[in-house]
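S.K.: I need the structure of the sequence given here:
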Amino acid sequence: MCALAIAASLFTPLALFATASDQSPANAKPGVESAGQTGGGGSTADDDHILRPGDLLEVKVFQEPDMDSSLRVAKDGSILFPLIERVSVGGLTPSGAATLIQRLLDKDYLVNPHVALRVIEYAERSYTVLGEVQKPGSFDMPDRASVSLLEAIGMAGGYTRMANPSNVTVKRKVKDQELIYHVNAKKMAASSGPDSTFEIEPDDVITVSESMF
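M.R.: Okay, the predicted model is just below:
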């Protein structure tokens, strides 16, 4: 467990149609492997969505209609794809997943395959707000829309009279690690600079502390 100071907002998810060639070293995300390219294809859309359990994917292989599949990402982040069986796509972008599938097909099964992948249904996303807010509980996040920390607190009815907006924590799981962010929401609300927003991710747990005075 570790505490991190927040200096900037995170990326807003966009995305949703991708071919394998969209994922290049220049736009690869930190911590996500960029698979090698074995086929061509132009980018068809922005590709910032990170695949997660519950996403429903449509995967097509050019000139291989028998392999066209609609697949739900399992809890462990994997899908079962024809020929190559289980493929771990959780944490990848759509184009990153397409590149990985393409690479695995090219390795043992097809010659110069071309893979296209898109998300046709997003997994339900939610966050939880606890502590000194008017309506603590879990709240749904709109598909492909970002929610800031201040918006999340607002959805929970705002602060109680006992709240300490200067001491808000956000608990987040990243892979197998639990991170806790300490955020001064009072300062954030008064700022218009790079420290003025902190974007919530699915499954975050926000806790507004009680004032000691």
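S.K.: list the buried residues for whichever helix in the chain runs longest?
M.R.: Longest helix in the chain by number of residues, with DSSP state H as the criterion: helix 94-108. Judged by neighbour count using 16 or more other Cβ atoms under 10 Å, the buried positions of helix 94-108 are 94-106. In short, each C-beta sits where N, CA and C put it, glycine included.
S.K.: again, but for stretch 158-173
M.R.: Buried residues in stretch 158-173, counted by 16+ other Cβ under 10 Å: Y159, A163, N164, P165, N167, V168, T169, V170, K171, R172.
S.K.: with just CA atoms, put the longest helix of the chain into CSV.
M.R.: Extracted in CSV, the C-alpha atoms of helix 94-108 (Å, rounded to 0.1, in the frame of the first residue of the first chain):
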residue,chain,number,x,y,z
PRO,A,94,-8.8,-2.4,-28.5
SER,A,95,-5.9,-2.0,-31.0
GLY,A,96,-3.5,-3.6,-28.5
ALA,A,97,-5.7,-6.6,-28.2
ALA,A,98,-6.1,-6.8,-32.0
THR,A,99,-2.4,-6.7,-32.4
LEU,A,100,-1.9,-9.5,-29.8
ILE,A,101,-4.5,-11.7,-31.5
GLN,A,102,-3.0,-11.0,-34.9
ARG,A,103,0.5,-11.9,-33.6
LEU,A,104,-0.6,-15.2,-32.1
LEU,A,105,-2.5,-16.2,-35.3
ASP,A,106,0.5,-15.3,-37.4
LYS,A,107,2.8,-17.4,-35.2
ASP,A,108,1.2,-20.8,-35.7
